[in-house]
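Participant: starting from these lines, generate the structure:
(one chain, ligands or ions: 2)
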Amino acid sequence: MSDVKVKVGILGASGYTGAELVRILAHHEASEITLLTADRRAGRPFGEVFPHLAHIKLPTMISIAEADWSTVDLIFCALPHGTTQEVIAGLPEHVKVVDLSADFRLFDPATYKEWYGAEHAAQDLQKEVVYGLTELHREKIKKARVVANPGCYPTPVQLALTPLLEGKLVHAEDIIIDAKSGVTGAGRSPKEMTLYAEVTEGIHAYGTGGHRHAPEIEQGLAWACGSDVVVNFSPHLMPMSRGILESIYVKMTNGTTAEDIQAALEKRFADEPFVRVLPFGVTPQTRHVRGSNYVLMGVVKDRVPGRVIIVAVEDNLVKGASGQAVQNMNVMLGLPETMGLEIEPLFP
Ligand SMILES: NC(=O)C1=CN([C@@H]2O[C@H](COP(=O)(O)OP(=O)(O)OC[C@H]3O[C@@H](n4cnc5c(N)ncnc54)[C@H](OP(=O)(O)O)[C@@H]3O)[C@@H](O)[C@H]2O)C=CC1
Ligand SMILES: CC(=O)N[C@@H](CCC(=O)OP(=O)(O)O)C(=O)O
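Facilitator: Ligands and ions are numbered 1, 2, ... in the order given. All right, here's what the predicted structure looks like:
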């Protein structure tokens with residue numbers, strides 16, 4: 001491997017996923033961080049905003065307007081969705097991009113407008129974007145200049161269901177995803193939904209019957225089975241900082257058993273470094289992936305005939321965002337895919 005390091009920028013470095021990118025890249029031997037941006041916190045040293053990472057030598061965070069793009073080979077864009085399209089569309093061609101926001105994840109402009117409430121501002125660029133669920137789109141990611149990192153909720157469910165839909169082992173029209181997330185999923189900017197008094201000692205459903213990740217999940221599952229898919233997706237906010245757990249209820253096709261589902265998932269992910277299928281009947285906890293890039297999934301036979309339940313977990317800030325973003329960078333640059341990501345989960 002060459003000693004020349006890839007120069008990396010992080011736009012939105014003062015947010016949760018920005019901090020997580022810095023934490024991961026601190027152990028990434030083939031890259032160096034040369035640009036950090038913030039908005040309200042522009043002008044402040046990174047280590048002042050995140051004292052737990054103050055020992056790392058980093059450039060001061062500046063505004064995007066001040067950025068010199070000649071100092072970067074690749075940027076991670078960790079800006080709120082809606083603010084990203086114009087920034088990325090204006091970048092010079094030599095800059096590769098991994099976008100963590102939702103701005104380039106939906107490939108049909110009408111669907112984008114329906115769920116995000118505005119016309120897509122960079123439709124030409126959208127045509128060259130690759131959807132960055134690494135395990136499912138690795139070959140395209142290798143050649144991409146701009147990668148749309150998946151949403152946190154859509155990652156585990158697409159991993160679990162893609163092999164089952166491809167193998168016609170489950171029905172595409174009967175999929176229920178009951179999802180639960182920690183509050184960091186909502187970002188670091190203050191919001192009523194994430195006030196301590198309203199999160200602690202209770203749980204609540206939100207976006208019930210129509211969350212913007214439903215069309216992203218449906219898009220990915222339609223790629224898997226070659227026809228339209230409609231899912232019932234219902235997220236809940238949990239009194240914990242990180243982690244996502246999804247209980248996925250599906251109906252098996254005639255003649256398929258829960259053991260067949262287990263075997264199909266084990267086969268599909270046998271060589272994947274970041275996806276683990278647990279022994280049949282064992283379900284994972286969010287604590288089993290905390291701080292790591294792993295997705296764990298467990299298959300359980302439902303007592304209701306013909307049905308099976310898959311429980312999948314990830315850390316929303318790692319495999320659900322910054323970890324998968326670094327995994328995609330590694331693939332785009334031809335680096336070992338696991339570089340910087342071989343961190344064991346923090347338990348308990
Ligand atoms: N949190 C999660 O679990 C996941 C998040 N994502 C996506 O990743 C992106 C970043 O999320 P997250 O880190 O949680 O968000 P945060 O709210 O924690 O951070 C947002 C960052 O963007 C900066 N920023 C805000 N508004 C602007 C603006 N108008 N122009 C330029 N910079 C701006 C902020 O700067 P400042 O601090 O100075 O205001 C901050 O650095 C979002 O698109 C989110 O949807 C994707 C998957 C999971
Ligand atoms: C708990 C919480 O608020 N979660 C966020 C999803 C976070 C995420 O990964 O998605 P985006 O990148 O699409 O924002 C939500 O429900 O909107």
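Participant: per-residue pLDDT, the residue of the stretch 1-150 of the chain found nearest ligand 1?
Facilitator: When distances are taken as CB to the nearest ligand atom, the stretch 1-150 of the chain approaches ligand 1 most closely through residue 15, which lies 1.9 Å from it. Using the backbone N, CA and C atoms, a C-beta is placed for each residue, glycine as well. The predicted structure scores residue 15 at 98 on the pLDDT scale.
Participant: wait, it touches residue 188, no?
Facilitator: Yes: under the criterion of CB atoms under 8 Å, residue 15 makes contact with residue 188 at 5.0 Å.
Participant: domain ranges for the chain?
Facilitator: Following automatic domain parsing, the chain resolves into domains at 6-150+320-332, 154-315.
Participant: grab the nearest non-local neighbour of residue 291.
Facilitator: Here the nearest residue to residue 291 in space, its sequence neighbours aside, is residue 346; by CB to CB, 6 or more residues apart in numbering that works out to 4.3 Å.
Participant: which ones are touching that neighbour?
Facilitator: Residue 346 makes contacts with 290, 291, 292, as judged by CB atoms under 8 Å, 6 or more residues apart in numbering.
Participant: next: residue 174.
Facilitator: When contacts are taken as CB under 8 Å, 6+ apart, residue 174 is in contact with 250, 251.
Participant: surely it forms part of a strand?
Facilitator: Yes: when the secondary structure is assigned by DSSP: H, G, I helix; E, B strand; the rest coil, residue 174 falls within a strand.
Participant: need the three-state assignment for residue 330.
Facilitator: The assignment at residue 330 comes out as helix when based on three-state DSSP.
Participant: I should have written residue 197 there, sorry.
Facilitator: Reduced to three states with three-state DSSP, the structure at residue 197 is helix.
Participant: what secondary structure does the residue sitting furthest away from the middle of the chain sit in?
Facilitator: Largest separation from the mean C-alpha position in the chain: residue 255, at 33.8 Å (CA atoms, centre = their mean). Going by three-state DSSP, the secondary structure assigned to residue 255 is coil.
Participant: next: residue 299.
Facilitator: Using three-state DSSP, the secondary structure recorded for residue 299 is strand.
Participant: swap in residue 249?
Facilitator: Classification of residue 249 using three-state DSSP returns strand.
Participant: who's in contact with it?
Facilitator: Listed by CB under 8 Å, 6+ apart, the contact partners of residue 249 are 175, 176, 177, 178, 302, 307, 309.
Participant: just the pLDDT at the residue of the stretch 1-150 of the chain found nearest ligand 2, thanks.
Facilitator: For the stretch 1-150 of the chain and ligand 2, the shortest gap (CB to the nearest ligand atom) falls at residue 102, measuring 3.9 Å. Each residue has a pLDDT score; the one for residue 102 is 98.
Participant: how far away is the closest residue to residue 21 other than its chain neighbours from residue 148?
Facilitator: Using CB to CB, 6+ apart and skipping residues adjacent in sequence, the residue nearest residue 21 is residue 322, 4.5 Å away. Relative to residue 148, residue 322 is positioned 15 Å away (criterion: CB to CB, to the nearest Å).
Participant: what do you get for residue 91?
Facilitator: Between residue 91 and residue 148 the distance, using CB to CB, works out to 15 Å.
Participant: low-confidence ranges in this structure?
Facilitator: In the predicted model of the chain, residues 1-2 satisfy pLDDT under 70.
Participant: which parts of it are helices?
Facilitator: In the chain, the segments counted as helices under DSSP state H are 16-25, 46-49, 84-89, 109-116, 123-126, 134-142, 154-166, 196-199, 213-225, 258-269, 323-332.
Participant: what's the burial count for residue 273?
Facilitator: Neighbour count of residue 273, defined by other CB atoms under 10 Å: 15.
Participant: surely it touches residue 337?
Facilitator: Yes: proximity of residue 273 to residue 337 meets the contact threshold set by CB under 8 Å, at 6.8 Å.
Participant: just the buried residues of stretch 71-81, please?
Facilitator: Neighbour counts over stretch 71-81 (16 or more other CB atoms under 10 Å) mark 72, 73, 74, 75, 76, 77, 78, 79, 81 as buried.
Participant: ends of it, what's the gap?
Facilitator: End-to-end span of stretch 71-81 (CA to CA, to the nearest Å): 24 Å.
Participant: got the contact list for it?
Facilitator: Around stretch 71-81, the neighbours that count as contacts under CB under 8 Å, 6+ apart are 6-13, 15, 17-18, 21, 31, 34-35, 84, 87-88, 91, 94-103, 116, 187, 189, 321-322, 325, 329, 332-333.
Participant: who in this structure is up against ligand 2?
Facilitator: When proximity is defined as CB under 6 Å from any ligand atom, the chain approaches ligand 2 at 81, 101, 102, 151, 152, 181, 185, 186, 207, 235, 237, 320.
Participant: can you redo these as TSV with distance to residue 164?
Facilitator: TSV is the format used below for the residues of the chain next to ligand 2 (distance: CB to CB, whole Å):
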residue	distance to residue 164
81	29
101	29
102	25
151	20
152	21
181	23
185	25
186	30
207	25
235	22
237	28
320	21
